[in-house]
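1. I would like to see how this sequence folds:
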Amino acid sequence: MTLKTKTRSAKFVAAFVGAMLILPTTIADAESQNEKISKGVDYDYVNEVKFGKDQAMRKLTVDLNDPYTTVDVSYPKPLNNLLRTTDQAKAYNAPGQKVAGAINGSFFWGSDQGYLPMYLISYRNQLINAGIIATGEDQFVNQPIAFGVDKTGKGRIAPYNLDIHFTYAGKEIAITSTDKYRSTDNMILYTPLYPKPTTETNDLGVEVVLDNVVGGTDLNFGETVKGTVKKVRGRGDKEPSFIPENGFVLSAHGEAEKNLKTIPVGAEIEITTSIDEPWQDASFMLTSGPELVKDGQVNVGMDVTSPRAKEIAPRTAIAIDKTGTKVFMVTVDGRQEGYSKGMNMKQLAEYLVSIGAHQALNLDGGGSTTMAVRKPGDQQVSLYNRPSDKSERRVSTALLAVSTAPEGKATDIGAHLEKQGVYLKGTKGSVAIDYVMDQYYNPIEFTKSDFMLNSKSGATETNGLNFTAGTSGTDTLQVQSKTGSAQISLEVVDVISKIEISESNLVLKKGETKVLTLKAFDNKNRSVIYDTSLIKWGVEGKVGTITSSGKFTAESGSGSITATLGGKTVKVPVTVGNSSTTIVDRMDTLTGWNVSAVNGSAKLQLTDQKDYPYEGAAAAKVKYNFIGETGTSAAYINATSPMVLGENPAMITARVYGDGSKSWLRAKVKDSAGTEHTINFTPERGLKWVGWNFVTAKIPSAAIGQLTLEQIYIAQPAGEVKTAGTILIDDVKSVFDADYQEALFKDTSLDFRAEKEISALVADGIIAGYSNGKFGPYDELTRQQAAILLTRALELSVDNVTDPGFEDMKPTMGFYKEVAAAANAGIINGKDKGKRFDPNGKLTRAEMAAILQRGFKLPSGSKDYFNDTKGSFAHSAINSLAFNKITSGIGQGKYGPAQNISRSDFSVFLYRTLLNSN
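-> Residues are numbered from 1 along each chain as shown. Got it, this is the predicted structure:
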């Protein structure tokens, strides 16, 4: 096994007063880790390559030889109550019993069977759930094997023999199980533990209701209880039996029915529950499977070639050593590429043998895999692993490593410098107390006033938990209380070798403010803590003013901000604009960009002479190919250095030449806190247009401060039909006015009478502008263009079209399929008795009315609306447009049926028709 190079470890030293305990700030960052959690519980974590894949493996080792340590089970109350493992651990905590660590337990049924536990659970010699044993070697639990703590206090993983039967008239009759959904030929005993008031069974069986049970309704191993038959529910009776508070219901189906049919009301029945002697008086039992290790050897108790056993997945397991005094609670995370892949059953068994397992049992894995651990000083456990569902799943049972130690005296103190790093001479600082624990690792409550600092060398001035760094060198700060102490190393320097400012470039609007900060480093490139009052701030040029605390207020123009500390100076370029927009990149070059792809390929280049940029000399051209890929595919253009957007912009805008691929166009920005935010230029499947479009991506309110653009990308999520295509990106801007808009095309304007309608049709991929960025609003529409637009608007299929027989439209011609689809649908007809289509002929206003009425089946009005349409073939269709408020004519009571229609006018008519149809 080869460990990754980065390794951290933290060990608890319980026996000695004054030990300093340090935890990594993020557990998941560790590549290896060992911690003492309680007197008898150790936690280990390692992330290494095992079985050829990254594996994140966690282990709780529970020492049952320790008098204050045990293992217990948490089971659902009521039986269908699912809770997170961490919540089960918190609910278990009580005076004298604290959970040090926990893992999820055994399997449970899904919603179809009420989330009940699937397998046996016993607690303090009481049968809680009898469960089932599955048939088939491809099943996880195909043999009765349980984990528990036996009457000697040792861990036990072994087979068991459970017997539940009832006795009537001297005959013993086996009971299949308890408190579960009755199935074929089952004899089920329903007890007051069942979470529903009735058996919920159908009428295809027989039920006997027992009441006034002598000896109680708890099914204790080795005991017999007796009840009297209160009611018999015969086959065909549709009312399920109510379960008495002091009784049971015996419910039988099929072959098992004959054992109940002859039992009369008033009869006495005895119910006996027993377990084989090694399990008698066990603290608890929990059945799961398959068995993984037996007598120190891999022994997988299911078919290792079956799909379930071969699946690489997150896993949870329980194991014991040869003596039964060591219990290993184990999890392996999975389904997270680059962090942890997961294991199959055989691999899990081999891993368990490698850590010393003598016997081992598989528990519920997959999304249920959970490990919780109590951090030093905490009262409750926290989630330590990374569940594959990205959050902790609710489960039926949990296994708990429990400390029963009494509260002792404070011995261990955890403390750290509130600001980590070396300190500049004369700088003030303070120490934070993380926790105080006794000799049993129980947390002790404390207040800051319980502690004080002392300098071992005397070079550091101290006051309570505060200090002032003294002479250059290393000192030891002693954190002292009445019962214990901790030691913290403090290093002091008197020279700064390098400083870095928080911003590399500032783009601000007039009147905006920005607070800047400095980082200082010593000659070993370690962070130096210093007093900010030592910084000398300055401004070059008349771009604004800056305070002694680093708060800059923008005025106008361009210049820079300077900062000097310890004889070192840094400078930040500043640009202040009065406009509501700032150019991020004209895309005239690709300097500052590169390309990458996931589940596909991508290529980035500048437009050439065959392409038109929207503005300037060129545009970015992204070619991608996702065909045949699974999962989410994406092509990214990445900023090689983050591109400054300015302080709190409202949105990013861009010109994008789309390819109609119905992809998802997005971007990623980072705020001043370093948090990344994904923003959308389109909704999912929203890149419908072909040609140039003006797109905007709003900045979320959570993204605050100076923002940078990290990447722009096109994505096709998992499950979508994957395509290949090309898009162009140009004129990327940062916009500070939330109401900012731009005209869609170079030859239209925001107040152009058809701007709204054209924009909507472009966004839906129905109409497009020209490649030079113009729309041609007054260009007359051709009959072919009309057919194309109607086909798109009505989403007509262009697959398997029938040849309409037009002499001037051959299958090899461009847009033949669209014309054929419109003709097949009866929307647009040919000329000369259907012989010609006349694709380049101009579309008249009368023809437009006819195709809109046919295509959208518009209802006709009962009156004439215009004085120039009588005798027109489209007379009724024109009246239909007026009746549906799609047209009001050209003025003076006229419609102008013979006039050719322009692209902009047709856009208005089509937009209104679509609204009317919705």
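
2. Secondary structure element holding residue 293?
-> In the assignment (DSSP states H and E), residue 293 maps to strand 291-294.

3. tell me which residues of the host helix or strand of residue 640 are tucked away?
-> Assessed by DSSP H and E, residue 640 sits inside strand 633-647. By 16 or more other C-beta atoms under 10 Å, the buried positions in strand 633-647 come out as 633-639, 642-647. For glycine as for every other residue, the C-beta is placed from the backbone atoms N, C-alpha and C.

4. With only the CA atoms kept, save that strand in CSV.
-> As requested, the backbone C-alpha atoms of strand 633-647 are provided in CSV (Å, rounded to 0.1, in the frame of the first residue of the first chain):
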residue,chain,number,x,y,z
SER,A,633,-20.9,16.7,-20.3
ALA,A,634,-19.4,20.2,-20.3
ALA,A,635,-17.0,22.4,-22.3
TYR,A,636,-15.3,25.1,-20.3
ILE,A,637,-13.4,28.2,-21.3
ASN,A,638,-11.3,29.0,-18.2
ALA,A,639,-9.8,32.3,-17.2
THR,A,640,-6.1,31.5,-16.7
SER,A,641,-6.1,34.4,-14.2
PRO,A,642,-9.4,35.4,-12.6
MET,A,643,-10.9,38.3,-14.6
VAL,A,644,-12.0,41.2,-12.4
LEU,A,645,-15.7,42.1,-12.5
GLY,A,646,-15.7,44.9,-10.0
GLU,A,647,-17.4,45.5,-6.7
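
5. Which elements pack onto that strand?
-> strand 506-509, strand 581-585, strand 593-598, strand 601-606, strand 620-625, strand 706-716, strand 724-735 (3 or more C-beta pairs under 8 Å, 6 or more residues apart in numbering; DSSP states H and E).

6. cutoff 6 Å now
-> If you count contacts as 3 or more C-beta pairs under 6 Å, 6 or more residues apart in numbering; DSSP states H and E, strand 633-647 packs onto strand 506-509, strand 593-598, strand 706-716.

7. so that strand versus strand 706-716, what angle?
-> Calculated by axes from the mean of the first three to the mean of the last three C-alpha atoms, to 10 degrees, strand 633-647 forms an angle of 160 degrees with strand 706-716.

8. Give the partner strands of strand 633-647 in its sheet and their orientations.
-> In the sheet, strand 633-647 lines up against strand 593-598 (antiparallel), strand 706-716 (antiparallel) (DSSP bridges).

9. Could you list the residues in contact with the first one?
-> Identification of contacts with strand 593-598 by C-beta atoms under 6 Å, 6 or more residues apart in numbering yields 602, 604, 634, 635, 636, 637, 638, 640.

10. Of these, which pair is most distant in space?
-> Between any two of these, the greatest separation by C-beta to C-beta is 18.1 Å, found for 634 and 640.

11. So what touches the longest helix anywhere in the chain?
-> Taking DSSP state H as the criterion, the chain has its longest helix at helix 903-917. Helix 903-917 has contacts (C-beta under 6 Å, 6+ apart) with 754, 757-758, 760-761, 776-777, 779, 781, 852, 856, 884, 886.

12. quick one: low-confidence ranges for this protein?
-> The chain contains residues with pLDDT under 70 at 1-30, 578-579, 918.

13. after the strand holding residue 640 comes which helix or strand?
-> Using DSSP H and E, the next helix or strand after strand 633-647 towards the C-terminus is strand 651-659.

14. Extract the C-alpha set from that following strand and format it as PDB.
-> Extracted C-alpha coordinates of strand 651-659, given in PDB (Å, rounded to 0.1, in the frame of the first residue of the first chain):
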ATOM      1  CA  MET A 651     -25.000  40.800 -13.700                       C
ATOM      2  CA  ILE A 652     -22.600  39.600 -16.500                       C
ATOM      3  CA  THR A 653     -23.700  40.100 -20.100                       C
ATOM      4  CA  ALA A 654     -22.400  38.600 -23.300                       C
ATOM      5  CA  ARG A 655     -23.100  38.200 -27.000                       C
ATOM      6  CA  VAL A 656     -23.500  34.500 -27.800                       C
ATOM      7  CA  TYR A 657     -23.900  32.900 -31.300                       C
ATOM      8  CA  GLY A 658     -25.900  29.800 -30.500                       C
ATOM      9  CA  ASP A 659     -26.200  26.500 -32.300                       C
END
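
15. one step back: turn the buried residues of strand 633-647 into CSV, including distance to residue 464.
-> Output for these, formatted as CSV (distance: C-beta to C-beta, whole Å):
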residue, distance to residue 464
633, 59
634, 54
635, 58
636, 52
637, 54
638, 50
639, 48
642, 42
643, 47
644, 43
645, 44
646, 44
647, 39
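
16. Can you tell me which of those residues lies closest to residue 898?
-> Looking across those and measuring by C-beta to C-beta, the closest to residue 898 is residue 635, at 49.4 Å.

17. Strands of the stretch 201-350 of the chain, residue ranges please.
-> Remark: strands assigned in the stretch 201-350 of the chain by DSSP state E, counting those that start in this stretch are 206-214, 219-220, 223-233, 248-252, 268-275, 284-287, 291-294, 297-298, 315-320, 326-332.

18. Including mean neighbour count and distance to residue 809, could the ones you listed go into a markdown table?
-> Output for these, formatted as a markdown table (neighbours: other C-beta atoms under 10 Å; distance: least, C-beta to C-beta, whole Å):
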| stretch | mean neighbour count | distance to residue 809 |
| --- | --- | --- |
| strand 206-214 | 20 | 75 |
| strand 219-220 | 20 | 82 |
| strand 223-233 | 18 | 76 |
| strand 248-252 | 26 | 73 |
| strand 268-275 | 20 | 84 |
| strand 284-287 | 26 | 73 |
| strand 291-294 | 24 | 70 |
| strand 297-298 | 14 | 72 |
| strand 315-320 | 27 | 63 |
| strand 326-332 | 25 | 64 |
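
19. ok so, going back, what about the strand holding residue 640, distance to the chain center?
-> 23 Å (C-alpha atoms, centre = their mean, to the nearest Å).

20. Then stretch 356-376?
-> Here stretch 356-376 is found 22 Å from its chain centre; the criterion is C-alpha atoms, centre = their mean.

21. CA-only coordinates of that stretch, as CSV, when you get a sec.
-> In CSV, the C-alpha atoms belonging to stretch 356-376 read as follows (Å, rounded to 0.1, in the frame of the first residue of the first chain):
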residue,chain,number,x,y,z
GLY,A,356,-7.0,-7.8,12.7
ALA,A,357,-10.6,-9.0,12.3
HIS,A,358,-11.2,-12.6,13.5
GLN,A,359,-15.0,-12.5,12.8
ALA,A,360,-16.7,-9.8,10.7
LEU,A,361,-20.2,-9.0,9.5
ASN,A,362,-21.4,-6.6,6.8
LEU,A,363,-23.9,-3.9,7.8
ASP,A,364,-26.1,-1.7,5.7
GLY,A,365,-23.9,0.2,3.2
GLY,A,366,-24.4,2.5,0.2
GLY,A,367,-26.0,5.8,1.0
SER,A,368,-26.6,4.6,4.6
THR,A,369,-22.9,4.3,5.4
THR,A,370,-22.2,6.7,8.3
MET,A,371,-19.6,7.2,11.0
ALA,A,372,-20.0,9.7,13.8
VAL,A,373,-17.3,10.6,16.3
ARG,A,374,-17.3,12.8,19.4
LYS,A,375,-14.7,15.5,19.0
PRO,A,376,-12.6,16.5,22.0
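
22. Could you pull out the buried residues of stretch 803-814?
-> Across stretch 803-814, burial judged by 16+ other C-beta under 10 Å covers 804, 806, 809.

23. any idea how far the last one lies from residue 684?
-> As defined by C-beta to C-beta, to the nearest Å, residue 809 lies at a distance of 36 Å from residue 684.

24. How about the first one?
-> To residue 684, residue 804 is 36 Å away according to C-beta to C-beta.
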